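S.K.: let's see this in three dimensions:
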Amino acid sequence: MSNALKIVLENIENMSSSEKALAAHCILSALDKNDNEDIDSEWLAVIESRRAQYKSGTVKLSGWDEMKKRILE
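M.R.: The predicted structure is shown next:
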């Protein structure tokens, strides 16, 4: 993981909602347009799969604090 990403993740809780939205917008805008032609359909497939796992009880949900801890390890 890059230092830049670590800094963002460590400070995300201190950002306002509008700052988080701007950061997300900048990251998504920076994606190479040629590499993500199918990104919407791919994300939809991921979302549907995870929703099915959640509904069936096969996954355990984690809060932001736990996720941040695992990401930064």
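S.K.: okay, CA-based contacts and neighbour counts for the rest of this
M.R.: OK.
S.K.: please save the CA atoms from the helix or strand hosting His25 in PDB.
M.R.: In this assignment (DSSP states H and E), His25 forms part of helix 17-30. Taking only C-alpha atoms (Å, rounded to 0.1, in the frame of the first residue of the first chain), the coordinates of helix 17-30 have been written out as PDB:
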ATOM      1  CA  SER A  17     -18.800  14.600   4.100                       C
ATOM      2  CA  SER A  18     -18.100  17.000   1.200                       C
ATOM      3  CA  GLU A  19     -14.300  16.400   1.500                       C
ATOM      4  CA  LYS A  20     -14.900  12.600   1.400                       C
ATOM      5  CA  ALA A  21     -17.200  13.100  -1.700                       C
ATOM      6  CA  LEU A  22     -14.600  15.200  -3.400                       C
ATOM      7  CA  ALA A  23     -11.800  12.700  -2.700                       C
ATOM      8  CA  ALA A  24     -13.900   9.900  -4.100                       C
ATOM      9  CA  HIS A  25     -14.800  12.000  -7.100                       C
ATOM     10  CA  CYS A  26     -11.100  12.700  -7.800                       C
ATOM     11  CA  ILE A  27     -10.100   9.100  -7.400                       C
ATOM     12  CA  LEU A  28     -12.800   7.900  -9.700                       C
ATOM     13  CA  SER A  29     -12.000  10.600 -12.300                       C
ATOM     14  CA  ALA A  30      -8.400   9.700 -12.200                       C
END
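S.K.: which residues are in contact with that helix?
M.R.: Ile12 (C-alpha atoms under 8 Å, 6 or more residues apart in numbering).
S.K.: now the element after it, going C-ward?
M.R.: Elements were assigned by DSSP H and E; along the chain past helix 17-30, the next helix or strand is helix 39-56.
S.K.: where does this structure dip in pLDDT?
M.R.: Counting by pLDDT under 70, the chain contains low-confidence ranges at 32-37.
S.K.: and Leu5, how many residues sit next to it?
M.R.: The number of residues packed near Leu5 is 11, by other C-alpha atoms under 10 Å.
S.K.: quick check: the spatially most central residue of the chain vs Ser56, distance?
M.R.: In the chain, the residue lying closest to the centroid (C-alpha atoms, centre = their mean) is Ala24, at 9.0 Å. Summarising the geometry, the distance separating Ala24 from Ser56, computed by C-alpha to C-alpha, to the nearest Å, is 30 Å.
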